[in-house]
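Engineer: Take a look and give me a structure for this.
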Amino acid sequence: MVPFSQKVLKVVEQIPAGQFLTYQEVAQKAGHKKASRAVGQILAQNYNSLIPCHRVIKNNYEVGGYHGSFKNSYQKVGLLLKEGALGVIPTDTIYGICGSALKKEVVEKIYRLRKRNFKKPMIILISSINDLQYFRIRLNPFQKRILKQLWPGSVSVILKCPLEKFSYLHRGIKTLALRMPHDQELLKILRISGPLVAPSANFEGEKPAATIKEAKRYFQDKVFYYDKGTLISQPSTLIDLTSNQVKILREGKGLNKVKRVLKNGKINK
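Structural biologist: Numbering: from 1, shown residues only. From the prediction side, this is the model:
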């Protein structure tokens, strides 16, 4: 008779990249649908890289721990997002419904799931200025000087991105809005996942989710969730940096920082 632990590992080994199962679903596929706790214990002790334990989440669709500790949950989140799964995670402003900005099919899925206007681009989170290379964005000296002072922080910046291959991101506008957040755990996630599209966690035109409970009312079992309590904040300040002048398009969190950086320069409103 094949041990239950081996059956569990076999089930997990077969979960495709970009997808996930709950502990209960794994237990059921392994032949003991009520043994979800045992599944968690088995996976906590597994360090075989060929067994993708990060693709198994809690029965309530929250991510849970990784390698036996909740301190490693950010690694699980990063790996799931990198592979193409969708997740509601905390940004440094509010909860966002996030997915890989490097996968067209993931971006389109978020548009459909969020009921978002297909003509409107989404904000992209990055872990460093170097991530702009993913989108073939080259900065001039003025842009570099400004961004090094504004990032990381709660300031979203519009930059030119004319390449047709990124039309699924810029939606024909040929610019992208990007932000390097300040939150250290989010940065650690981004270093694993790569750039993420991150619109607020709600249907278009409705109230952004301030809690995971509110987010679940929107997206139910279509995504995973990373709970960090209640998040209520202003949206980020949005500036246009497509030329050698700075134009403030939206005042929000981070506005004072923008004004301090540019106090001796020209600000257009």
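
Engineer: Could you grab the helix/strand/coil label for the residue nearest to the spatial centre of the chain?
Structural biologist: Closest to where the C-alpha atoms of the chain average out (Cα atoms, centre = their mean) is Cys98, at 3.5 Å. Secondary structure, DSSP: H, G, I helix; E, B strand; the rest coil: Cys98 is strand.

Engineer: same thing with Ile189?
Structural biologist: Assigned by three-state DSSP, the conformation of Ile189 is helix.

Engineer: for it, what are its contacts?
Structural biologist: Contacts for Ile189 (Cβ atoms under 8 Å, 6 or more residues apart in numbering) come out as Tyr74, Val77, Gly78, Leu81, Ile89. For every residue, glycine as well, the C-beta is placed using N, CA and C.

Engineer: Let me have these in CSV, extended by pLDDT.
Structural biologist: Shown next, in CSV, are the contacts of Ile189 (pLDDT from 0 to 100):
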residue, pLDDT
Tyr74, 97
Val77, 98
Gly78, 98
Leu81, 98
Ile89, 97
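
Engineer: So, low pLDDT: which residues of the stretch 151-269 of the chain?
Structural biologist: 264-269 (pLDDT under 70).

Engineer: who touches the closest residue to Pro195 other than its chain neighbours in this structure?
Structural biologist: Nearest residue to Pro195, sequence neighbours excluded (Cβ to Cβ, 6 or more residues apart in numbering): Ala101, at 4.1 Å. When contacts are counted by Cβ under 8 Å, 6+ apart, Ala101 touches Val107, Ile124, Tyr134, Leu169, Gly194, Pro195, Leu196, Val197.

Engineer: beta partners for the residue nearest to the centre of the chain?
Structural biologist: Bridge pairing for Cys98 (DSSP bridges) gives the partners Gly87.

Engineer: Using the three-state scheme, assign the nearest residue to Asp183 once chain neighbours are set aside.
Structural biologist: Excluding its sequence neighbours, the residue lying closest to Asp183 (Cβ to Cβ, 6+ apart) is Asp92, at 4.2 Å. Assigned state for Asp92: coil (three-state reduction, three-state DSSP).

Engineer: pretty sure Leu80 contacts Val63?
Structural biologist: Yes: contact status for Leu80 versus Val63: in contact at 7.4 Å, counting by Cβ atoms under 8 Å.

Engineer: Please identify which of the two sits among more neighbours.
Structural biologist: Leu80 (30 against 23; other Cβ atoms under 10 Å).

Engineer: Quickly find the element holding that one.
Structural biologist: Secondary structure from DSSP states H and E places Leu80 in helix 73-83.

Engineer: which outside residues touch that helix?
Structural biologist: Residues from elsewhere that reach helix 73-83, judged by Cβ under 8 Å, 6+ apart: 17-18, 20, 52, 54-55, 63-67, 87, 89, 98-100, 185, 188-194, 196, 224, 226.

Engineer: can you give me the strands for the stretch 101-250 of the chain?
Structural biologist: In the stretch 101-250 of the chain, the segments counted as strands under DSSP state E, counting those that start in this stretch are 124-125, 155-160, 175-179, 196-197, 224-225, 237-240, 246-250.

Engineer: Give me the angle between the longest one and strand 175-179.
Structural biologist: If you take axes from the mean of the first three to the mean of the last three Cα atoms, to 10 degrees, strand 155-160 sits at 150 degrees to strand 175-179.

Engineer: quick one: strand 155-160 to chain centroid distance?
Structural biologist: Its chain's C-alpha centre lies 18 Å from the corresponding centre of strand 155-160 when counted by Cα atoms, centre = their mean, to the nearest Å.

Engineer: That one: partners in the sheet, and parallel or antiparallel?
Structural biologist: Note on strand 155-160: by DSSP bridges, its sheet partners are strand 175-179 (antiparallel), strand 237-240 (parallel).
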